[in-house]
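Engineer: Provided below for reference: sequence and predicted model.
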Amino acid sequence: EMATNHAIKFFVIVKLFKDNEKQLRRGENAYTSGHVKNMTFNSEMEPAILKGDVHASMKNRIYNVEVSVDLKNQVVTSSHCSCPRGQVFCHHLAALLYYAHYNISSTDVQRQWGTTASKISIDDPIETIDEIYTH
């Protein structure tokens, strides 16, 4: 189910990558190809913390991406990726931001997304009221 009231607006991603269209396109491709393996989002911190694992394009490697987002002002305040480009804007960062845009609603507090249940602990997911009543 896609988020409709996006916590991370699309213009935040576009603004961040305004001078790097190639990485933005590669990030969109990585997102649509399913390279984002899991994600955690904590909006109770200021700025909010977004973390995720993104599969490398041509290698059997996973990169760890972390982004700080000021949700009130809708701006990325810092980011880091464990890839070789990690200090500048890489497509793994773009892929995680795309994933977050489409999967995090502004009503979500703290959740974890992913394909591996082993990464989820009792302390991680906090369900929204809608989720609790749709089970």
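Structural biologist: Thanks, I have it. In this text the structure is predicted, and so the values were computed from the model without any measurement.
Engineer: surely Leu50 meets Asp70?
Structural biologist: No: with contact defined as C-beta atoms under 8 Å, Leu50 does not reach Asp70; the gap is 11.7 Å. For glycine as for every other residue, the C-beta is placed from the backbone atoms N, C-alpha and C.
Engineer: Looking at the two, which is more packed in?
Structural biologist: Leu50 (25 against 14; other C-beta atoms under 10 Å).
Engineer: beta partners for the more buried one?
Structural biologist: Beta-bridge pairing for Leu50 (DSSP bridges): Phe41, Val67.
Engineer: show me the contacts for it.
Structural biologist: Shown in contact with Leu50 (C-beta atoms under 8 Å, 6 or more residues apart in numbering): 8, 39-41, 66-69, 96-97, 100.
Engineer: for the protein, which spans come out with low pLDDT?
Structural biologist: Within the chain, the segments meeting pLDDT under 70 span 1-4, 86-87, 108-135.
Engineer: can you pull out the strands in it?
Structural biologist: Under the criterion DSSP state E, strands of the chain are mapped to 36-42, 48-55, 62-70, 75-81, 110-114.
Engineer: Deepest-packed of the ones you listed, please.
Structural biologist: strand 48-55 (a mean of 22; mean count of other C-beta atoms under 10 Å).
Engineer: which residues touch His101?
Structural biologist: Contacts for His101 (C-beta under 8 Å, 6+ apart) come out as 3, 6, 8-10, 12-13.
Engineer: Pretty sure Ala48 sits against Glu66.
Structural biologist: No: using C-beta under 8 Å, Ala48 makes no contact with Glu66, being 11.4 Å away.
Engineer: And the helices in this structure, which stretches?
Structural biologist: 10-16, 21-32, 91-103, 129-134 (DSSP state H).
Engineer: thinking again about what came up before, of all the strands of the chain, which lies closest to Asn20?
Structural biologist: strand 75-81 (12.5 Å; C-beta to C-beta).
Engineer: follow-up on the earlier one: what would the strands of the chain look like in TSV with distance to Ala30?
Structural biologist: Compiled in TSV, those are given as follows (distance: least, C-beta to C-beta, whole Å):
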stretch	distance to Ala30
strand 36-42	7
strand 48-55	7
strand 62-70	10
strand 75-81	12
strand 110-114	16
